[in-house]
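[1] kindly generate the corresponding structure for this input.
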Amino acid sequence: MKQIQFKGDGSEYFKIWIVNVLLCIVTIGIYYPWAKVRTRRYFYANTEYADRYFDYHATGKQLFLGYLIGVFILFALQIVGSILPTIGLILPVVLFAFIPWIIMRSLKFNMRMTSFSNVRFSFKGNLKPAYIIYMLIPILGYLAIALPVFVSLFPMSRLDEGFNVIFAFMLFLVGIIAAIAIGVFVIGLFTKKAAEYQIGQTKFGQGDFFINVNTSKFIKIQLKKILIIIGCLIILSILSGLIFAATISGGFDLGSISNDIESAEASPLFIVGFLVVYFGFIATFLFATAYSFSRQRQYIFENTTLDKAITFRSTVGAKRYFYILVTNMLLVLFTAGLALPWAKVRVARYIADNSWIEASDIDINSYLTQKEKEQSAIGEEIGDVLDIDIDIAI
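    Numbering: from 1, shown residues only. Purely as a prediction, here's the structure:
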C-alpha cells in the first residue's frame, strides 16, 4: 500500500495567493476564475503518488462564463427582489430547480479537467438521479421532519383551551425526537446516494470506480456526531453556570450591563468565562465536523475500488484533523488572514498524507502505463459549450 503525498509549501503558495488576491481586488473580482485555476493547478501539481502527479487542465476563460452567469444571477436576485418583492421570492425557487443540473454539469466538467499521470477522469452520471438525490430527497426529508414538529406543536398552542399540559409536553418531546430521527435517516440516505452518484459514476480513463456503502453506517456516524455535540454542550452549560455563579458571588452587578453598556465594568472572571464558553461552542462544532468527515471518509475509501483491483484507505483521524482546523483558525485569526496559504497547505498535506492506494494483485506502474496508452488511443473528449464549475465534496 502506497501513500499519496502533497509536496507543496506554504511560502511558495503564498506568492500565488497574494498575487491572486491583489489581481482580484484590482479587477473588481473579474480575475477570480483565473485565480481559481492557478490555485487548483498548484495543489494538483504538488499531489504525488508513485512518482506520478495530478494535473488540472481547465483555463480561466473556461470558468469565466460560469462565473459571469453566477454573478448575473446574484445581481438579478438583488435588483428584482428590491423592485418586485413577489417575483424576488419566486426566483430563488426557480434557481433551486436548476441545482441538480448545475451539480451534474460541474462534476462532468471537473472530472474531465482532472488527470493523473496523463490519464483523464470522467463522469458519466445522468440528470435523473441528480434530481432524485439533490432535490427530491432533501424536499421529502424537510417535509418528513416538519410534520412531527407541527403535529407536536398543536397541543402546545391549545393549552388555554383545556389541553393537558403533561400530555402536550410529552407529545412535543416525542415529536422532536421523531424529527431528529427522521433527519438523521435522511442525512444518512442522502450521503449514501451522493457518494454512489459521485464516485460510482466516475471513470479513470476506461477504468470504473465501484462503491458499496450502506445507509446504516452513515446513520451511526451522524448519531455519534449528535451525541458528541450534546455531550459538549452539556459540559459547556455546566461550565457557564459555574462561571455565572462565581461571577455573582464575586459581586459583579449584571444590571450594570443593561443600565449603561459603555461604562459597565465586567470582572476578569466573567470576560474569561465568556470567551471560554464562546470558543467552546466553536470547538464543539469543529470537532463534530472533524469526526463526521474523518469517519465518513474512512468508510467510503474502504468500500471503493478501481477496476475491482485497486483499493483505497483513509487514515484521517478526528482528533488530529480537529487540531489542524483549530490551529489553522487561530493562525488565520491572529495574522488577519495572511496565514491562509499555510493553513490550506497544512490541510492539503494532512489529507494527502493520510490517503493510501493499494494494488497488491497488479503492478501499479504497468496499470498506469496501460491507461496512458488507452487514453492516447481514444483521444480527448470534446468539451461542452457551457462549462460550469462549482466545488462538490462528499
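[2] so how many other residues sit close to Ile79?
    Ile79: 11 surrounding residues under other C-beta atoms under 10 Å. For every residue, glycine as well, the C-beta is placed using N, CA and C.
[3] swap in the one 3 residues further on?
    With neighbours defined by other C-beta under 10 Å, the count for Ser82 comes to 9.
[4] pop out the phi and psi values for it.
    Backbone torsions of Ser82, given as degrees, to the nearest 10, read phi -80, psi -30.
[5] and Thr369, what element?
    Secondary structure assigned from DSSP states H and E places Thr369 in helix 364-378.
[6] average pLDDT for that helix?
    Helix 364-378 shows a mean pLDDT of 64.
[7] what of stretch 146-162?
    The model assigns stretch 146-162 a mean pLDDT of 77.
[8] same check on stretch 58-75?
    Mean predicted lDDT for stretch 58-75 stands at 85.
[9] go through it and flag the buried ones.
    Of all the residues in stretch 58-75, those buried under the rule 16 or more other C-beta atoms under 10 Å are 58, 60, 62-64, 66-67.
[10] any idea how far Lys220 is from Phe6?
    Going from Lys220 to Phe6 by C-beta to C-beta, to the nearest Å gives 30 Å.
[11] if we can go back for a sec, quick check, nearest of the buried residues of stretch 58-75 to Leu136?
    Closest approach between these and Leu136, by C-beta to C-beta: Gly66, at 24.9 Å.
[12] would the closest one count as being in a helix?
    Yes: assessed with DSSP: H, G, I helix; E, B strand; the rest coil, Gly66 lies in a helix.
[13] related to what we said a few turns ago, more crowded one of Lys220 and Phe6?
    Phe6 (19 against 15).
[14] wait, Tyr44 sits on Tyr56?
    Yes: under the criterion of C-beta atoms under 8 Å, Tyr44 makes contact with Tyr56 at 4.4 Å.
[15] tell me which helix or strand of this structure sits lowest on mean pLDDT?
    Scoring the helices and strands of the chain by mean pLDDT, DSSP states H and E places helix 255-259 at the bottom, with a mean of 50.
[16] rebuild the buried residues of stretch 58-75 as CSV, extending it with distance to Leu331.
    What follows is those, written out as CSV (distance: C-beta to C-beta, whole Å):
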residue, distance to Leu331
Ala58, 30
Gly60, 29
Gln62, 33
Leu63, 29
Phe64, 32
Gly66, 32
Tyr67, 29
